[in-house]
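Peer 1: Okay, structure incoming, though there's no sequence with it:
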């Protein structure tokens, strides 16, 4: 019943998202902007309605969609909170026993290669000097990160920042949903060879290719970089 209401167009143009779809994206962005973690309380329906100037029924339908995707859940005496169910489901999908299998890794890196090389042409045309300077700053965090977990997180943040420059919310949201698995894979590599200088150098080459507006170099460098980690998964 809810799905039928969501799919019913609110505009003669079926390409335009419905009010519910727009609100789902706004709430998702709000979670990211406020840095809400798993278990953190969401704003109430009334607060969301006031924040986004949206009717209470629209807010309720958007929350139903977010619950269906496992992004929020309802807890007694607390209300809606950020949930981790979707991330756990993705972990179970890609993980085998106590690690990530080589086959799963290849699938994951294949997805990343399609996405990260696929946005290359767009980035070549649209990324500004300020955008690339920010990407370089994200990369520099690798050099000061301490410990496997922090290094893996800095590595992930660089790639997420790269995808964010494409300006496609769905692509970025999908990448974030895979984040726990991507970081797990990165941690395996960092634990085997905790030298972040090499990763920093590889990232810097990717940024330079974008500065040079060299799409061929960009695609090659991204592919080579993503392929490099297979040796650590295969030997783990």
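Peer 2: On my side now, so go ahead. All values derive from a computational prediction rather than experimental measurement. Numbering: from 1, shown residues only.
Peer 1: so where do the strands sit in this structure?
Peer 2: All strands of the chain, identified by DSSP state E, fall at 72-75, 79-82, 95-96, 99-100.
Peer 1: What residues sit buried inside the first one?
Peer 2: Judged by neighbour count (16 or more other Cβ atoms under 10 Å), strand 72-75 contains these buried residues: 72, 73. For the C-beta atoms, the positions are set from N, CA and C on the backbone; glycine is no exception.
Peer 1: Now do the end-to-end distance for stretch 43-58.
Peer 2: Counting by Cα to Cα, to the nearest Å, you get 15 Å between the two ends of stretch 43-58.
Peer 1: mind listing what's buried in that stretch?
Peer 2: Quick answer for stretch 43-58 (16+ other Cβ under 10 Å): 43, 45, 48, 49, 52, 54, 58.
Peer 1: I'd say residue 149 and residue 187 touch.
Peer 2: Yes. Residue 149 is in contact with residue 187 according to Cβ atoms under 8 Å; the separation is 6.5 Å.
Peer 1: higher neighbour count, the two?
Peer 2: residue 187 (19 against 14; other Cβ atoms under 10 Å).
Peer 1: Let's see the pLDDT reported for the residue nearest the centre of the chain.
Peer 2: The geometric centre of the chain, computed from its C-alpha atoms, lies nearest to residue 176 (Cα atoms, centre = their mean), at 2.1 Å. Here the pLDDT value assigned to residue 176 is 79.
Peer 1: same thing with residue 194?
Peer 2: For residue 194, the model assigns a pLDDT of 59.
Peer 1: Then residue 78?
Peer 2: At residue 78, the model reports a pLDDT of 81.
Peer 1: what's the burial count for it?
Peer 2: As a burial measure, residue 78 scores 11 neighbours (other Cβ under 10 Å).
Peer 1: can you tell me which of the strands of the chain the model trusts least?
Peer 2: Lowest mean pLDDT within those: strand 95-96, at a mean of 46.
Peer 1: Residue ranges of each domain in the protein, please.
Peer 2: 2-83, 89-234 (automatic domain parsing).
Peer 1: winner for burial among those domains?
Peer 2: Among the domains of the chain, ranked by average contacts under mean count of other Cβ atoms under 10 Å, first place goes to domain 89-234 (a mean of 17).
Peer 1: any low-confidence regions in the protein?
Peer 2: For the chain, the stretches with pLDDT under 70 are 1-17, 84-102, 192-195, 229-236.
Peer 1: which residues of it fall in helices?
Peer 2: Defined through DSSP state H, the helices belonging to the chain, from first to last, are 2-7, 19-33, 45-52, 56-68, 85-94, 102-118, 120-126, 129-144, 148-164, 169-177, 179-192, 196-211, 215-227, 230-234.
Peer 1: Can I get those helices in TSV including distance to residue 74?
Peer 2: Compiled in TSV, the helices of the chain are given as follows (distance: least, Cβ to Cβ, whole Å):
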stretch	distance to residue 74
helix 2-7	15
helix 19-33	15
helix 45-52	11
helix 56-68	7
helix 85-94	12
helix 102-118	31
helix 120-126	38
helix 129-144	35
helix 148-164	29
helix 169-177	20
helix 179-192	22
helix 196-211	40
helix 215-227	38
helix 230-234	38
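Peer 1: To residue 76, which of these lies closest?
Peer 2: Among those, the nearest to residue 76 by Cβ to Cβ is helix 56-68 (15.1 Å).
Peer 1: ok so, going back, can I get the buried residues of stretch 43-58 in CSV with distance to residue 210?
Peer 2: Listed next are these as CSV, based on distance: Cβ to Cβ, whole Å:
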residue, distance to residue 210
43, 37
45, 42
48, 37
49, 41
52, 34
54, 38
58, 39
